[in-house]
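Novice: Need coordinates for the below:
(one chain, ligands or ions: 1)
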Amino acid sequence: MFKDKIVVITGGSSGAGKEMAARLARRGAHLALVARDREKLAAVKKELSAGLSPGQKIGSYSCDLTDPEAVEKSFQEIRVEIGPPDILINSAGVLYEGYFEKQTLEVFRELMEINFFGTVHCIQAVLPDFRRKGGGRIVNICSMAGLMGIFGYSAYCASKHAVAGLTHSLRHELKPQNIHFHLVCPGEFASPMVDKVNAYRSQENRVMVHTVPVLTASEVAEAVIKGVERDEYLIIPGAATRLVERLNRWLPGFSRFFTDWRLKKVCRGPGAGD
Ligand SMILES: NC(=O)c1ccc[n+]([C@@H]2O[C@H](COP(=O)([O-])OP(=O)(O)OC[C@H]3O[C@@H](n4cnc5c(N)ncnc54)[C@H](OP(=O)(O)O)[C@@H]3O)[C@@H](O)[C@H]2O)c1
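Specialist: Numbering: from 1, shown residues only. Presented below is the predicted three-dimensional model:
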C-alpha cells in the first residue's frame, strides 16, 4: 500500500511523526518531512536515508504550519523535488497543560493555530494534487483529547476537538472524490512533547491521563500504519485506550462519575501552591 507512494509527514522530525517516517521508509514510500527546526529535520533525514533503497526519495522542509503561504511554498517544493503527494499525515502539534484560570489567551490561540489551523493549511495545500491524481489519503493525528474532556487540557482539548470535527466533516465531503480520512486518537505516549509537560503538569491531569498505560511512540506509529492499511477510519492505539473510548461513548454518565471519583482524591485547584 505504501510502496512508491509519496507521503508528506508534518511533525516528521520527532515523536510519532519520526516513528511513522521510519516505518514508511522501510515499506518503500518516498518521504517529505515537514517541521520548523532545520537541524532536527536534517538529523532525521540523515538517519533514515541510510536505509533507503535505490531511487527512494526523502526530503526535509522547514516550515511553520501556522503560516499558510509558507505551507503552500513547502508543498510546491515537495511537488518539484519528491513529486505530488499521495498521502498526507498531519502529526505536527503542541501541548500545554494548566488550570483554565491560569491559561493565557496566547496559549489557547497558539494551540488552535498549530494543532487546528496547521492541519487545515496542509489539507488545503494537498487537495489540488489529490484531485489531479484522482484520490488520496489524509491521516490526522488527533488525540483522545479530541474525543473527551481532560482535566488541565481545556485549550489542548478544544484544539483537538476542532481537528476531530474537521476530520468527521471532510470524511463525508471528500469521499466522493476518492479522498480517504483516518482519525487517530492516541492516549498519552512517550515523546519530547510529553517530556516537556511532565516537568510542570498538575497532579489532577497526571491522575486522569494515566488511567491508561503510557504507550511508546513506536507502538503508536505501528498502530497507525496497520490501521491505515486496514482502511480504518477511527484508529485508537492500545487496548486500554480503546476501552476508555468505548466507555466514554456508550456509558458517558458512568465515565464522568468514575473520573470525578478518581479526581476527588487529588483535586487541588488553581489556587494551590500560590
Ligand atoms: N505524545 C502524546 O502523548 C500524544 C497523545 C495524543 C496525541 N498526540 C499528538 O500526536 C502528534 C505528535 O505528537 P508527539 O508527541 O510525537 O510530539 P513531538 O515529539 O513534540 O513532535 C511534534 C512535532 O511537531 C512539529 N511542530 C510543532 N509545531 C510546529 C509548527 N508550528 N510548524 C511545523 N511543525 C511543528 C515539531 O517540530 P518543530 O518543533 O521543529 O516545528 C515536531 O516535529 C501531535 O499532534 C500530538 O498532539 C500526542
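Novice: burial of the residue of the stretch 1-150 of the chain with the smallest separation from the ligand, as a residue count?
Specialist: As assessed by C-beta to the nearest ligand atom, the ligand sits closest to Gly15 within the stretch 1-150 of the chain, at 1.9 Å. No exception for glycine: its C-beta is placed from N, CA and C like everyone else's. As a burial measure, Gly15 scores 23 neighbours (other C-beta atoms under 10 Å).
Novice: Could you double-check that it lies in contact with Ser191?
Specialist: Yes - between Gly15 and Ser191 there is a contact at 3.4 Å, judged by C-beta atoms under 8 Å.
Novice: Now the common contact residues for the two.
Specialist: Residues touching both Gly15 and Ser191 (C-beta atoms under 8 Å, 6 or more residues apart in numbering) are Ala217.
Novice: so where's the stretch 151-274 of the chain shaky on pLDDT?
Specialist: Counting by pLDDT under 70, the ranges of the stretch 151-274 of the chain that qualify are 268-274.
Novice: Contact distance from the ligand - what residues of it qualify?
Specialist: Within reach of the ligand by C-beta under 6 Å from any ligand atom, the stretch 151-274 of the chain has these residues: 186, 188-189, 191-194, 217.
Novice: Could you work out the most separated pair of these?
Specialist: Greatest spatial distance among those (C-beta to C-beta): Pro186 and Pro192, at 15.2 Å.
Novice: Please identify which of the two sits among more neighbours.
Specialist: Legend: neighbour count by other C-beta under 10 Å for Pro186 and Pro192, higher for Pro186 (24 against 12).
Novice: what about that one, is that helix, strand or coil?
Specialist: Following DSSP: H, G, I helix; E, B strand; the rest coil, we place Pro186 in the coil state.
Novice: Thought Pro237 was touching it, still the case?
Specialist: Yes - using C-beta under 8 Å, Pro186 makes contact with Pro237 at a distance of 4.9 Å.
Novice: Quickly list what's touching both of the two.
Specialist: Between them, Pro186 and Pro237 share the contacting residues 215, 220, 223, judged by C-beta under 8 Å, 6+ apart.
Novice: From those residues, which land in strands?
Specialist: By the criterion of DSSP state E, membership of the shared contacts of Pro186 and Pro237 in strands covers Leu215.
Novice: my read is Phe2 is in a helix, agree?
Specialist: No - assignment of Phe2 by three-state DSSP gives coil, placing it outside any helix.
Novice: how far away is it from Val224?
Specialist: Computed as C-beta to C-beta, to the nearest Å, the Phe2 to Val224 distance reads 12 Å.
Novice: Identify the residues contacting Trp250.
Specialist: Listed by C-beta under 8 Å, 6+ apart, the contact set of Trp250 is empty.
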